[in-house]
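Student: What shape does this take:
(4 chains)
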Number of protein chains: 4
Amino acid sequence: MSSVYGTAFRVSTFGESHGGALGVVIDGCPPGIALDFDRVQAELDRRRPGQSTLSTPRREGDRLEVVSGVLDGKTLGSPMAILFRNQDADATAYKATKDVYRPSHADFTTDAKYGIRAWAGGGRASARETVARVAAGAVARQVLETLGSVEIVAWVDRLQELQATVDSGAVVAVDVDKNDVRCPDAAVAAQMEERIREVRSRGDTVGGVVRCVARGVPAGLGEPVFDKLEADLAKAMLSLPAARGFEVGSGYSGTLLTGTQHNDPFVPDGSGGIVTSTNRSGGIQGGISNGMPIEISVAFKPVATVFVDQNTVNSAGEVAMLKAKGRHDPCVLPRAVPMVEAMVALVLLDHWLRWRGQVGAPPPIPLRSVD
Amino acid sequence: MSSVYGTAFRVSTFGESHGGALGVVIDGCPPGIALDFDRVQAELDRRRPGQSTLSTPRREGDRLEVVSGVLDGKTLGSPMAILFRNQDADATAYKATKDVYRPSHADFTTDAKYGIRAWAGGGRASARETVARVAAGAVARQVLETLGSVEIVAWVDRLQELQATVDSGAVVAVDVDKNDVRCPDAAVAAQMEERIREVRSRGDTVGGVVRCVARGVPAGLGEPVFDKLEADLAKAMLSLPAARGFEVGSGYSGTLLTGTQHNDPFVPDGSGGIVTSTNRSGGIQGGISNGMPIEISVAFKPVATVFVDQNTVNSAGEVAMLKAKGRHDPCVLPRAVPMVEAMVALVLLDHWLRWRGQVGAPPPIPLRSVD
Amino acid sequence: MSSVYGTAFRVSTFGESHGGALGVVIDGCPPGIALDFDRVQAELDRRRPGQSTLSTPRREGDRLEVVSGVLDGKTLGSPMAILFRNQDADATAYKATKDVYRPSHADFTTDAKYGIRAWAGGGRASARETVARVAAGAVARQVLETLGSVEIVAWVDRLQELQATVDSGAVVAVDVDKNDVRCPDAAVAAQMEERIREVRSRGDTVGGVVRCVARGVPAGLGEPVFDKLEADLAKAMLSLPAARGFEVGSGYSGTLLTGTQHNDPFVPDGSGGIVTSTNRSGGIQGGISNGMPIEISVAFKPVATVFVDQNTVNSAGEVAMLKAKGRHDPCVLPRAVPMVEAMVALVLLDHWLRWRGQVGAPPPIPLRSVD
Amino acid sequence: MSSVYGTAFRVSTFGESHGGALGVVIDGCPPGIALDFDRVQAELDRRRPGQSTLSTPRREGDRLEVVSGVLDGKTLGSPMAILFRNQDADATAYKATKDVYRPSHADFTTDAKYGIRAWAGGGRASARETVARVAAGAVARQVLETLGSVEIVAWVDRLQELQATVDSGAVVAVDVDKNDVRCPDAAVAAQMEERIREVRSRGDTVGGVVRCVARGVPAGLGEPVFDKLEADLAKAMLSLPAARGFEVGSGYSGTLLTGTQHNDPFVPDGSGGIVTSTNRSGGIQGGISNGMPIEISVAFKPVATVFVDQNTVNSAGEVAMLKAKGRHDPCVLPRAVPMVEAMVALVLLDHWLRWRGQVGAPPPIPLRSVD
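Tutor: This is a model prediction of the structure:
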């Protein structure tokens, strides 16, 4: 389904970039869980446009309104609907060029598929759609915390060729948010920020890689065949706007090694559990989490909206010239960080609820004792 | 669901590596389509173990038996069940070490999740499971051919650092199958073959990258939000055994470019349609196919079963030494080629049927005329 | 899923009786369809409380607000969210007795399942939830009209033992709405109305049977095994509040006949098509529509909220006395008529879209020509 | 989906009446459960044709073959595939009349939908398909027994107007199987048997009502809106061949009462739990089980295959005369008893697994203690 994600914890999102409202309905949430909506709002603020000089100047408060599914701050187990009213929608910048297909945008493909298109701001294809995901993900994260001690941290790991050095075993959210780029390597972060400003000054845009770790995930999440945990993570990541690549664990670089170099030896953890001494598997083996930190990376292409003249065609198939207007980010990466975290939370919680549905007991502790 | 793939064209697979049989049930197949099961068998033979000296010596005929859903060679629209009897199952090689967790295999995680495990040959986690996918994919491919002129070609693009040079616009299946490695660059293929033999002689294994192109896919397949075409492709690919990474179009290398460098300009195709003059988008924009060739890559890690001593632990949490027995490939790549093609076919057909369910008309021609 | 209905045309509802808002998200709607929202509102007005002296005095305008999925009155193919703000929510009547389990209500079972409950007005279990279904059904009905010439008419067929005489082949909506009871047999309708007033005067309630016909449904809708058309209709009907029974065609009375008496002979329709000379099958054979009118009935029990003292227990398991307050209908039947029609529309459209997804062509005309 | 049932415990069936084999794949079964396949076979034998002089003389051993998902008699949690080879398939009786539409069968509608049809024995539309359901249901029943103490008993309650008197609170399986009719009221059973023989001697057939009780179901199964427990039961029952009606609890007769007469008073059970002193709700309130016995009825029409001449049309739309051949039951009711029980088991287990997926703890005891 186009706008439905998940099997057990199921989110259904809606809303066009410049329509009346966006939102999400969460179906299947465990009942009786006290939610801190200030924390949900904080995640939304991390995704919000206009939060720093590195992002689009569009001003949206993105204040959530919870209209169902919660009583006195606790989940009822019934569908939770969360709404976001559009406040700074301004279609005028798009009207003049609404019949001109923006290169590497969804305008042409949307017309090809549906024969109709909400042209203002990209309609449903706008990254504004992710406000609903981040809200749902922030709810999922709090539910996960009631089930275990899962900690999800994403950061900007590379911007073009500018590669940060980050210890995925130790990095925490406060490190990530120390700068506007959301890169915990302060020195490289400064270079990244400079690069973004420089590129933006030319009307151009850049991309890069977000990396994410989930610590404290117990062994046992994921299904062995089609719904492998890394498969569902890959789908979740590639469903984000501008995502073009995905890796789990050693990813592409792991293909350079031999099997003896790549395998992760199992060792006793000293307290009755089993761990691996390396983690090239990225915390997932055979599609199922093994209790080690889950590590993934996501490649985001440079933003397609550039403020220089581009050759293209219009909906009549005629050659046209496009000079973008509207308000756009020069780099999606800083705002992609909370999006990646949100989607990881949705995947993990969905699998956790499926796990206890089929197998029944609460999942074991992260480092599983074999007894 | 663990072993169910697809929404409209839905496949449900079953079977353990060393159980009585493996198979697949295909639900939702369009009716009245004449299928050539010799072609299905030919795809199965490409995946089959023991087909060359580069792969496992396990001997399985992998002869398909169609037990339902077909009458006089035509699909009935009812569920099509396809069976494969295990013939060369031999559990003895696994029995002695069944309680020893093989590094980077699914033994430990299966125990952690289910508390029970079919230990012979990896059970459900065995790559043998893909026989069912390849059968379903070969059916899907023929159904796709009745809907349009889709052509799906995968090949081994890189083995460790050995990078082939392949023209994705021109490569055809017969080029791929010219050598046992399934790399259409003959010179590099020879190096790859030598590398595999050399590594195998040391009891070790290697990985690499399979690349795949789907030509003739019309504009309009894919959904705008969670079920983006690249998201479903990513999930399908990461669900394959040993897959660790995925790219669409420019992938990770696209992150090095700026937006002006990366965007694909639209141009008239000279006969009323619209194409792009470059294809860094890999045939997908905004989650929807744009009529250009779809291009993806998949990273496969080196095979985990190595024939050298490895330190590990057993199911009691005690340190143990493992020396692998059984029959295994030194490199999964040649046999992964038909698996990748099969999963691409399943994804494309599922979206095609969803497309015409929602929108109703047959999808337009690949290079879409704008009026 | 608790609050999701449908496979291809999928509706996800939300909202508590006395919460901030109720609503529905429709996913998978065909694009480019011009919708008349005044007609949708008209259906909502038929379901609305306070519309006649026979129904609850709760005053809700039930004005729909469409916040996404529509541009200039046409469907975009993206999720359509429709909202209803609660206006006359008044929890005070429920507060005093919130811990007392109302007999034959969902209070006890909701506590048993979730351990938490929105006690005001029944929360999610309130019939107020059906406002969202009626909106979605009214949209589905208009989509159906663009695909064919389906006409759906329901009416109150029996109230207690008061049985109307209605020609299901000829009855139209305007006949149904001629009186407040929504029974097209004027004489029996008057008796029904009198019965309702009499019973209400004693603080009591009544039930009965709604019957529904769908004319113009083409042959070919429905699936042969689990998703038989009558199976999905049965589920849809039994999901309505207070529904306790379902029949298709001859239903329970058909069990009194023999096969030779019950079978519907096929006959040529005189213009190249095939019809049946009787319709004991109710328009469905082998789970698939046959082109004849689809006929079903639904039994609704008497409303559980009675305004006389009742013995019950409270949430502490202690004996308690309950005297209902709040605002309630003495008979659900008149307002159930648009609910039944809405659910029939959802079932038919979902199967229609699934039909053309799998089989591809538009379904044939209702009276199907055999070549 | 046509041949897939369930959300958490998901069964996918396949096979034509006269094809190579029928079967079922069960996905999502809890792992580690010891199954007694002799008991599964015993249920299959209750459904089997040719078991008494009251049923079709077709001889099928219906011996199950389990090909996956089980190791040493225990479930692995992986898909369990169960096969049934057709042994007594004989298409010759159908060949001569394959183009003549049998009245009230699925021949015409299958052609209308798919344009192709397995004409021998009804193909997929044959009641032979239920062999797969009964196998899956018998597995589900054993899984249910590991979760609680659920007991499911169905019986023939009425044949035409011959109404049995059965105490649903006390009836057990052994009473049901005392006679070939499967009616625990011996006196009425004798009349029913005589009626069946008499009707069959005229080449005619009869129908009636099966009633089913599920005792020991804990409070808490079922979802509040679309997936109400009675809604899923209704769908499951109406998906059975020849089913035409469904009731839960008081059903249609409940519509004759007033609310004060119909409501089930809650009372303490004397040991800290809550029960109702009557059970007109049939064990389900607000879509959720309340711990009281679940009671439903299903109406089955007379079998459509009669052995007298019938007027009909052929696939060319021409008037034709049909005299049935083949082997058929004069009354489906005795064999429907295990089918009804199987579908009830599938519904209850699916909701049980969903319950513990969302809410997490094992469901409470049948008569639920309030603290």
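
Student: A:G357 touches D:G6, doesn't it?
Tutor: No - using CB atoms under 8 Å, A:G357 is not in contact with D:G6; the gap is 11.8 Å. Quick note: C-beta positions are derived from backbone N, CA and C, even for glycine.

Student: Mutual contacts of those two, please.
Tutor: Both A:G357 and D:G6 are contacted by D:G28, under the criterion CB atoms under 8 Å, 6 or more residues apart in numbering or on different chains.

Student: so does stretch A:262-271 get close to chain B?
Tutor: Yes - contact between stretch A:262-271 and chain B, assessed by CB under 8 Å from any CB of the partner chain, occurs at A:H262, A:N263, A:D264, A:P265, A:F266, A:V267, A:P268.

Student: In CSV: these, plus pLDDT, neighbour count and secondary structure.
Tutor: CSV is the format used below for those (pLDDT from 0 to 100; neighbours: other CB atoms under 10 Å in any protein chain shown; DSSP: H, G, I helix; E, B strand; the rest coil):
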residue, pLDDT, neighbour count, secondary structure
A:H262, 97, 27, helix
A:N263, 97, 26, coil
A:D264, 97, 23, coil
A:P265, 97, 16, coil
A:F266, 96, 28, strand
A:V267, 96, 16, strand
A:P268, 95, 15, strand
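
Student: Look up how far B:T130 lies from A:G254.
Tutor: When CB to CB, to the nearest Å is the yardstick, A:G254 and B:T130 sit 20 Å from each other.

Student: ok, now A:T97?
Tutor: Summarising the geometry, the distance separating A:T97 from B:T130, computed by CB to CB, is 47 Å.

Student: Look at these two and report which has more neighbours.
Tutor: More crowded of A:T97 and B:T130, by other CB atoms under 10 Å in any protein chain shown: B:T130, with 24 against 20.

Student: Spatially nearest residue to the more buried one (excluding sequence neighbours)?
Tutor: Nearest-residue entry for B:T130: B:M339, 5.0 Å, with adjacent residues in sequence omitted and distances by CB to CB, 6 or more residues apart in numbering or on different chains.

Student: ok, the one you found - contacts?
Tutor: Taking CB under 8 Å, 6+ apart, we find B:M339 in contact with B:R47, B:T130, B:R133, B:V134, B:G137, B:L240.

Student: Next, it: phi, psi?
Tutor: phi -70, psi -40 (degrees, to the nearest 10).

Student: likewise A:P265?
Tutor: Reported as degrees, to the nearest 10, the phi and psi values for A:P265 are phi -70, psi 140.

Student: so does stretch A:287-305 get close to chain D?
Tutor: No - against chain D, stretch A:287-305 shows no contacts by CB under 8 Å from any CB, the least distance being 11.2 Å.

Student: Show the contacting residues for the residue nearest to A:E223 when sequence neighbours are not counted.
Tutor: What sits nearest to A:E223 in space, not counting adjacent residues and going by CB to CB, 6+ apart, is B:S2, at 3.8 Å. With contact taken as CB under 8 Å, 6+ apart, B:S2 is in contact with A:E223, A:P224, A:V225, A:F226, A:D227, D:D27, D:G28, D:S78, D:P79.

Student: Tell me which helix or strand B:S2 sits in.
Tutor: Under DSSP states H and E, no helix or strand contains B:S2.

Student: For it, give me the pLDDT.
Tutor: What the model reports as pLDDT for B:S2 is 77.

Student: Could you tell me whether A:A214 really is in a strand?
Tutor: Yes - under the criterion used here (DSSP: H, G, I helix; E, B strand; the rest coil), A:A214 sits inside a strand.

Student: so it sits right up against A:L349, yeah?
Tutor: No - between A:A214 and A:L349 there is no contact, the gap being 11.2 Å when judged by CB under 8 Å.

Student: Name the helix or strand of chain A that has the lowest mean pLDDT.
Tutor: helix A:92-95 (a mean of 79; mean pLDDT, DSSP states H and E).

Student: Dump that one to PDB, keeping only the CA atoms.
Tutor: Extracted in PDB, the C-alpha atoms of helix A:92-95 (Å, rounded to 0.1, in the frame of the first residue of the first chain):
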ATOM      1  CA  THR A  92       2.400  30.900  -5.800                       C
ATOM      2  CA  ALA A  93       6.100  30.000  -6.400                       C
ATOM      3  CA  TYR A  94       5.000  26.800  -8.100                       C
ATOM      4  CA  LYS A  95       2.100  28.100 -10.200                       C
END
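
Student: and the next element down the chain from it?
Tutor: Following helix A:92-95 in sequence order, the next helix or strand is helix A:107-114 (DSSP H and E).

Student: ok, and what's touching that following helix?
Tutor: By CB under 8 Å, 6+ apart, the surrounding residues in contact with helix A:107-114 are A:101, A:117, A:119, A:122-125, A:315, B:218-222, B:224, B:266, B:274, B:284-291, B:355, B:359, B:364, B:368, C:31-32, C:76-77.

Student: Mark which of the residues you listed are buried, thanks.
Tutor: For the contacts of helix A:107-114, burial is judged from neighbour counts taken by 16 or more other CB atoms under 10 Å in any protein chain shown, and it is met by A:101, A:117, A:119, A:122-125, A:315, B:218-222, B:224, B:266, B:274, B:284-291, B:355, B:359, B:364, B:368, C:31, C:76-77.

Student: host element of A:K325?
Tutor: Assignment of secondary structure by DSSP H and E places A:K325 within no helix or strand.

Student: Just give me the neighbour total for it.
Tutor: By the other CB under 10 Å criterion, the neighbourhood of A:K325 contains 14 residues.

Student: same check, this time on the one 10 residues further on
Tutor: As a burial measure, the neighbour count of A:R335 was computed by other CB under 10 Å and equals 22.

Student: Which strand or helix spans it?
Tutor: In the assignment (DSSP H and E), A:R335 maps to helix A:333-358.

Student: mean confidence score for that helix?
Tutor: Throughout helix A:333-358, pLDDT has a mean value of 97.

Student: again with stretch A:240-254
Tutor: When pLDDT is averaged along stretch A:240-254, the result is 98.

Student: Tell me how many other residues crowd A:A336.
Tutor: Here the neighbour count serves as a burial measure; for A:A336 (other CB under 10 Å) it reads 28.

Student: Ok, A:R141 next?
Tutor: By the other CB under 10 Å criterion, the neighbourhood of A:R141 contains 22 residues.

Student: Next, it: phi, psi?
Tutor: Its backbone dihedrals place A:R141 at phi -60, psi -40, with angles given as degrees, to the nearest 10.

Student: what sits against the closest residue to it other than its chain neighbours?
Tutor: Taking CB to CB, 6+ apart as the measure, A:R141 lies nearest to A:A345, with 4.3 Å between them; neighbours along the chain are not counted. Under the criterion of CB under 8 Å, 6+ apart, the contact list for A:A345 reads A:G137, A:A138, A:A140, A:R141, A:L144, A:I152.

Student: run the last query once more with 6 Å
Tutor: Going by CB atoms under 6 Å, 6 or more residues apart in numbering or on different chains, A:A345 touches A:G137, A:A140, A:R141, A:I152.

Student: Compare these and tell me which is most surrounded.
Tutor: Per-residue neighbour counts (other CB under 10 Å) across those peak at A:G137, which has 29 neighbours.

Student: pLDDT score for it?
Tutor: At A:G137, the model reports a pLDDT of 98.

Student: quick one: it is in a helix?
Tutor: Yes - the assignment for A:G137 is a helix, going by three-state DSSP.

Student: Contacts only, for the nearest residue to it once chain neighbours are set aside.
Tutor: Counting by CB to CB, 6+ apart, A:A342 is the residue found nearest to A:G137 once chain neighbours are left out, at 2.4 Å. Taking CB under 6 Å, 6+ apart as the definition of contact, the neighbours of A:A342 are A:R133, A:V134, A:G137.

Student: Please tell me how far the first one sits from A:G207.
Tutor: Right, A:R133. To A:G207, A:R133 is 20 Å away according to CB to CB.

Student: Grab the CA positions of stretch A:213-221 and hand them over as CSV.
Tutor: This file holds the C-alpha atoms of stretch A:213-221, laid out as CSV (Å, rounded to 0.1, in the frame of the first residue of the first chain):
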residue,chain,number,x,y,z
VAL,A,213,23.2,2.5,15.2
ALA,A,214,20.6,0.8,17.3
ARG,A,215,22.0,-0.4,20.6
GLY,A,216,20.2,-2.7,23.0
VAL,A,217,18.1,-4.5,20.5
PRO,A,218,17.6,-8.1,21.8
ALA,A,219,18.5,-11.1,19.8
GLY,A,220,15.4,-12.5,18.0
LEU,A,221,13.9,-9.6,15.9
